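# how does the following fold in three dimensions:
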Amino acid sequence: MSEDAWSNLDKVDQKIIEILNNNARTPSKEIAGELEKIGQDVSDRTIRKRIERLEKSGIIKGYKAILTDVSGIIKYQAVLMKLKPSKSLETVKDSIKEFITKLDNYLIVASMEGEWNMFIIIQVDSEKSNTSQKIVEKFSEELIDYRINEIDIKDVNILNMSLLLL
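Okay, the predicted model is just below:
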């Protein structure tokens, strides 16, 4: 997928993505109705063609079921890591990234410049799960300092978040 594919999205494509993000099973006729409400007169056939184009261009990579948390409580933690300076700092960062990306509950893992070297956001599975602490323990030999904070994620702009993957 090229950067051009993202930059060529018009308001209709953006609205289609927004609607499908809320419910991937929304029929094209219903999407056309939603677009009509905002002054865009587009047929359901055109919607289907646009969705097909978005899929072929790689903007829409697929559809998946997102299951509701049984408890209804979804918690997240942010982990900041300050690593010991060394010649192998990039290798250490790569090891951390490789470990984190194998976890089912990670959302973001990023290298940082400045005081902190790594930034991680994970979903806390339950009160018993202590993934953040396990991460810190696994890489304790490489750490100078760390912070684990509960964070409250209320809303995410999926369209903008997907730009991180370019």
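
# kindly report the domain assignment for this structure.
3-56, 75-158 (automatic domain parsing).

# mean pLDDT and distance to residue 63 for the ones you listed - can I get that in TSV?
In short, each C-beta sits where N, CA and C put it, glycine included. TSV is the format used below for those (pLDDT from 0 to 100; distance: least, Cβ to Cβ, whole Å):
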stretch	mean pLDDT	distance to residue 63
domain 3-56	88	4
domain 75-158	89	13
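
# among those, which is nearest residue 64?
Among the domains of the chain, the nearest to residue 64 by Cβ to Cβ is domain 3-56 (7.9 Å).

# report the distance from that closest one to the chain centre.
Relative to its parent chain, domain 3-56 has a centroid offset of 21 Å by Cα atoms, centre = their mean, to the nearest Å.

# any chance you could map the helices in this protein?
3-7, 11-22, 28-37, 44-56, 89-100, 131-138, 158-162 (DSSP state H).

# possible to save those as TSV with distance to residue 78?
Formatted as TSV, the helices of the chain follow (distance: least, Cβ to Cβ, whole Å):
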stretch	distance to residue 78
helix 3-7	27
helix 11-22	24
helix 28-37	35
helix 44-56	32
helix 89-100	13
helix 131-138	9
helix 158-162	16
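
# mind checking the domains of the chain for the one nearest to residue 62?
Nearest to residue 62 among these is domain 3-56; the distance by Cβ to Cβ comes to 8.3 Å.

# stretch 132-143: which residues count as buried?
The neighbour-count check on stretch 132-143 (16 or more other Cβ atoms under 10 Å) flags 132, 135, 136, 139, 142, 143 as buried.

# list the contacts of the spatially closest residue to residue 139 that is not a sequence neighbour.
Leaving out its chain neighbours, the residue that sits closest to residue 139 by Cβ to Cβ, 6 or more residues apart in numbering is residue 96, at 5.9 Å. Applying Cβ atoms under 8 Å, 6 or more residues apart in numbering to residue 96 gives the contacts 81, 109, 118, 135, 139, 142.
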